[in-house]
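**Student:** Below: sequence and its predicted model.
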Amino acid sequence: QPIYNEDRSKVLLFNGEIYNFKSIREELVAKGHIFTTKTDSEVLLHGYEEYGEKLFSFADDMNAVVQIHPEFAPYLYLKYADKYKNMILDIAHMADNNFFRAAKEAKHGNVYLDTSGSASFQNFVIEAAVARGLSERILYGSDTYAVSAQRGRIEYAQIPEKDKELILRQNALRIFPELN
């Protein structure tokens, strides 16, 4: 990983397992998709190109966590979180009010924001999210970008200890109880 599509316009980072990927792969090859690996991960990338939003239905059926890295307007992905309530949508690189809006407006509470990325080091972004009541919707380390620096940023943030505990541990355990 990462895995790219044919023209390198889309990239996928994936950690999971797709049980029926071989039959899906055969179907996508028959439709003209070119695979560079024999992994289940690449099926997701070409599957998104071929089926678009229907891929979120699969994630919903599997109670999956889908992490996205939106270039702008993360709230535009709310329609998927609202339609597929069993799926967790993890929006990486929390940066500003647009991200806060996405987490706040999710109908099913299934949108989380990840602190990864340099933006959370600037302008008291974590403090601003907590002040807006989003401490139960912030994840730490799910994108593994500068994890130790991110942890320090949260530990020294000017927020209550209970919010730090939610961000650093409890939110992830709620989504992934098998980690406990």
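**Tutor:** Here it is on my side, so go on. Numbering: from 1, shown residues only.
**Student:** Start and end of stretch 31-44, how far apart?
**Tutor:** According to C-alpha to C-alpha, to the nearest Å, stretch 31-44 extends 15 Å from its N-terminal end residue to its C-terminal end residue.
**Student:** Same check on stretch 115-129?
**Tutor:** End-to-end span of stretch 115-129 (C-alpha to C-alpha): 10 Å.
**Student:** what pLDDT, on average, does that stretch get?
**Tutor:** Here stretch 115-129 scores 81 as its mean pLDDT.
**Student:** And stretch 150-166, by the same measure?
**Tutor:** Per-region confidence: stretch 150-166 scores 92 on mean pLDDT.
**Student:** Checking the residue nearest in space to the middle of the chain next. Helix, strand or coil?
**Tutor:** Nearest to the centroid of the C-alpha atoms of the chain, with distances taken as C-alpha atoms, centre = their mean, sits Gln67, at 1.8 Å. For Gln67, the secondary-structure state derived from DSSP: H, G, I helix; E, B strand; the rest coil is strand.
**Student:** In space, what's closest to Tyr4 - neighbours in sequence excluded?
**Tutor:** If you skip the residues right next to it in sequence, Tyr4 has Val11 as its closest partner in space, 5.3 Å away by C-beta to C-beta, 6 or more residues apart in numbering. C-beta here means a position set from N, CA and C on the backbone, and glycine is covered the same way.
**Student:** Return the list of helices and strands in contact with the helix or strand of the chain with the lowest mean pLDDT.
**Tutor:** In the chain, no helix or strand scores lower on mean pLDDT, DSSP states H and E than strand 11-12, which sits at a mean of 73. In this structure, strand 11-12 makes packing contacts with strand 3-4, helix 41-51, judged by 3 or more C-beta pairs under 8 Å, 6 or more residues apart in numbering; DSSP states H and E.
**Student:** Could you pull up the contacting residues of Thr39?
**Tutor:** Ile3, Phe21 (C-beta atoms under 8 Å, 6 or more residues apart in numbering).
**Student:** swap in Val130?
**Tutor:** Contacts for Val130 (C-beta under 8 Å, 6+ apart) come out as Ile138, Ala157, Ile159, Pro160, Asp163.
**Student:** okay, now the last one: neighbour count?
**Tutor:** Asp163 is flanked by 22 other residues according to other C-beta atoms under 10 Å.
**Student:** Could you tell me the least trusted of the helices and strands packed on strand 11-12?
**Tutor:** Averaged per stretch, pLDDT over these is lowest on strand 3-4, reaching a mean of 78.
**Student:** Let me know the distance separating the nearest residue to Ile18 once chain neighbours are set aside from Ile175.
**Tutor:** Nearest residue to Ile18 in three dimensions, chain neighbours excluded: Asp40, at 4.1 Å (C-beta to C-beta, 6+ apart). Computed as C-beta to C-beta, to the nearest Å, the Asp40 to Ile175 distance reads 22 Å.
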